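Novice: one predicted model, sequence on top.
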Amino acid sequence: MTSTSASGQGADYAATSSEAYQAALRVIESVEPRIADATRKELADQRSSLKLIASENYASPAVLLTMGTWFSDKYAEGTVGHRFYAACQNVDTVEALAAEHARELFGAPYAYAQPHSGIDANLVAYWAILATRVEAPGLAELGAKHVNDLSEADWETLRAKMGNQRLLGMSLDTGGHLTHGFRPNISGKMFHQRQYGTDPVTGFLDYDAVASAAREFKPLVLVAGYSAYPRRVNFAKMREIADEVGATLMVDMAHFAGLVAGKVFTGDEDPVPHAHVVTTTTHKSLRGPRGGLVLATEEFAPAVDKGCPMVLGGPLSHVMAAKAVALAEARQPEFRTYAQAVADNAQSLADGFVKRDGALVTGGTDNHLVLLDVTSFGLTGRQAESALLDSGIVTNRNAIPADPNGAWYTSGIRFGSPALTTRGFGADEFDRVAELVVEVLSNTQPAAGPNGPSKAKYTLADGTAERVRAAAAELLDANPLYPGLTL
Ligand code: PLP
């Protein structure tokens, strides 16, 4: 791995991690050998495939090892210095450090390290916005300090008011996340929801359209952020829109937190100075353990702080410890090199597709992800995803705007650069990856199932998978995952 890697600490570090994993696997093996076996196989599989899933990465051994400790056994409901359980002094150290690293890294006034995942972080954020903007003023109006002091009738009135609020978020097919007000998701039921999309011709976010939707709908919450939009967002503009209609701006930076941490997104593209509340996952481009994080202004901090136990189950202290380690890594200068390489590599991948006639949503990228419209190859996303997997290329199918194949079969493949950049891939390797993807897709044909046309069946021309796997192996061998780590 190069300086973009998570484990650039040298040979000693690799050897020590090898010993640690070997010892851990021996212990696991003595109890349930099949789990030890699956663990070894998982590493082997990750080492031998081109991982292009935009939401995945490879955390460092330090981050991974931190999760296997006694903190897993500790209950610690509440917050630092204010727990519902005794003997939380060490958890306090861990949580305080994770929050401190997050505040320093992102320049946020307040950070909450407990959410177990990105979806949990979003739920905490929604709850905190409702508590701050609706419940607290409602209580003050009724002359009460606490909901338990209200009469049944007043409580019902306040509860109805909290359940009657509006949220405006990006639609799923244009790149938003389920939790941004998609009707089947809990967020689409907690709130009256409306969705904004992208320009049907350019595929870019249309701020005028967002502003008119906000003026008409007057949401309490305006959500920005995405899972599959290949462009940057101007958060200063989103804040202007929110302010004009009295909305709270919440930004879900789950996908691009690494680019914010690594100072690739600065100024208007950095959500932290502009949003009231920012949520993220810690495991995608940020390269930490699986988990979530909420950053907030002082106004929303007290409500976010009550995330557990009001929204979340007991904190996963072992994961908070790993978050602290990952955030410490992200504060190192090498992380900036990594983040810039993530953006440069995505650009190279996009250019590689364009020059080989691949149709990209928005025509390219300026973040870490690329969305390829595979209908240009006569395929559904499902067929393309499977053919690529046969050839050792791991991706995920994804809807494109106004997708004719719906959210299950889809018409797109989403590619991300964070994981292979961690392995040390550079722009030339990403161009070669584009070439291999195009080779697979050009050699894939849709096929009929027993009952006629199928959106899932396909045939891959003989020899393609083997040829591409061999070419991928050359790239992978030149950029080994966790070099020096043997199991
Ligand atoms: N928010 C966004 C924008 C995401 O893309 C995702 C996951 O893909 C999430 C939230 C949910 O994260 P998690 O799977 O950790 O709950």
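Specialist: Perfect, thanks for sending it.
Novice: which residues of the stretch 51-200 of the chain lie near the ligand?
Specialist: Within the stretch 51-200 of the chain, the positions near the ligand by CB under 6 Å from any ligand atom are 55, 117-119, 177, 179. In this view, the C-beta of every residue, glycine as well, is placed from N, C-alpha and C.
Novice: so what's the residue nearest to H177 when sequence neighbours are not counted up against?
Specialist: Once flanking residues are discounted, H177 sits nearest to S227: 4.7 Å by CB to CB, 6 or more residues apart in numbering. Applying CB atoms under 8 Å, 6 or more residues apart in numbering to S227 gives the contacts 55, 175-177, 254-255.
Novice: distance check, S227 against the ligand.
Specialist: 3 Å (CB to the nearest ligand atom, to the nearest Å).
Novice: what of E141?
Specialist: 34 Å.
Novice: wait, L150 sits on E141?
Specialist: No - in this structure L150 lies outside contact range of E141 using CB atoms under 8 Å: 11.1 Å.
Novice: quick check, T279 in contact with A257.
Specialist: No - the criterion here is CB under 8 Å, and T279 misses it with A257 at 9.4 Å.
Novice: what count of nearby residues applies to the residue in the chain positioned nearest to the ligand?
Specialist: Going by CB to the nearest ligand atom, the ligand is nearest to G118 of the chain, at 2.5 Å. G118 has 28 neighbours, counted by other CB atoms under 10 Å.
Novice: now for the least confident helix or strand in the chain by mean pLDDT, which elements pack on it?
Specialist: Least confident helix or strand of the chain, by mean pLDDT, DSSP states H and E, is helix 11-31 with a mean of 90. The helices and strands touching helix 11-31, judged by 3 or more CB pairs under 8 Å, 6 or more residues apart in numbering; DSSP states H and E, are helix 33-47, helix 61-66.
Novice: ok so, going back, SS state for the residue nearest to H177?
Specialist: Using DSSP: H, G, I helix; E, B strand; the rest coil, the structure places S227 in coil.
Novice: break this structure into its domains for me.
Specialist: 71-331, 335-478 (the TED database).
Novice: out of those, which is closest to A14?
Specialist: domain 335-478 (13.9 Å; CB to CB).
Novice: ok, the residue with the largest distance to the centre of the chain to A402 distance?
Specialist: Centroid-distance maximum for the chain: S151 at 42.1 Å, with CA atoms, centre = their mean. Distance of S151 to A402, given as CB to CB, to the nearest Å: 49 Å.
Novice: about what we covered before: tell me which two in the contacts of S227 are the farthest apart.
Specialist: S55 and G176 (14.2 Å).
Novice: neighbour count winner among the two?
Specialist: G176 (25 against 20).
Novice: chain neighbours aside, what residue packs nearest to that one?
Specialist: M170 is the one closest to G176 (CB to CB, 6+ apart), at 3.1 Å.
Novice: need the contacts of S227 in TSV with pLDDT, can you?
Specialist: TSV is the format used below for the contacts of S227 (pLDDT from 0 to 100):
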residue	pLDDT
S55	98
G175	96
G176	97
H177	97
A254	98
H255	98
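Novice: in TSV: those, plus secondary structure.
Specialist: Converted to TSV, the contacts of S227 look like this (three-state DSSP):
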residue	secondary structure
S55	coil
G175	coil
G176	coil
H177	coil
A254	coil
H255	coil
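Novice: in its sheet, which strands sit next to the strand or helix carrying P446, and in what direction?
Specialist: Element membership for P446 (DSSP states H and E) is strand 444-449. Here strand 444-449 has these sheet partners by DSSP bridges: strand 452-460 (antiparallel).
Novice: now do the buried residues in the strand it pairs with.
Specialist: 454-455, 457-458, 460 (16 or more other CB atoms under 10 Å).
Novice: and stretch 385-401, by the same measure?
Specialist: Neighbour-count burial for stretch 385-401 [16+ other CB under 10 Å]: 385-388, 390-401.
Novice: restricted to helices, list these.
Specialist: Taking DSSP state H, the ones among these that sit in helices are 385-388, 390.
Novice: I'd like those laid out as a markdown table, including pLDDT.
Specialist: Output for these, formatted as a markdown table (pLDDT from 0 to 100):
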| residue | pLDDT |
| --- | --- |
| E385 | 98 |
| S386 | 98 |
| A387 | 98 |
| L388 | 98 |
| D390 | 98 |
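Novice: just the residues you listed now: which is nearest P109?
Specialist: When these are compared against P109 (criterion: CB to CB), the nearest one is E385, at 41.5 Å.
Novice: nearest spatial neighbour of the closest one, skipping sequence neighbours?
Specialist: R397 is the one closest to E385 (CB to CB, 6+ apart), at 4.3 Å.
Novice: right, and that neighbour touches A387 too?
Specialist: No - judged on CB under 8 Å, R397 makes no contact with A387 at a distance of 11.1 Å.
Novice: might you report the residue contacts of T282?
Specialist: So T282 contacts 257, 288-293, 323, 326-327 (CB under 8 Å, 6+ apart).
Novice: which two of those have the greatest separation?
Specialist: Using CB to CB, these span at most 14.4 Å, a distance reached by R290 and L327.
Novice: how about the residues of the stretch 201-350 of the chain near the ligand?
Specialist: So the stretch 201-350 of the chain meets the ligand at 225, 227, 252, 254-255, 281, 292 (CB under 6 Å from any ligand atom).
Novice: element containing L167, please.
Specialist: Taking DSSP H and E as the definition, L167 sits inside strand 166-170.
Novice: before we move on, the earlier item: how near is the residue nearest to E385 to L420?
Specialist: Counting by CB to CB - R397 and L420 are separated by 19 Å.
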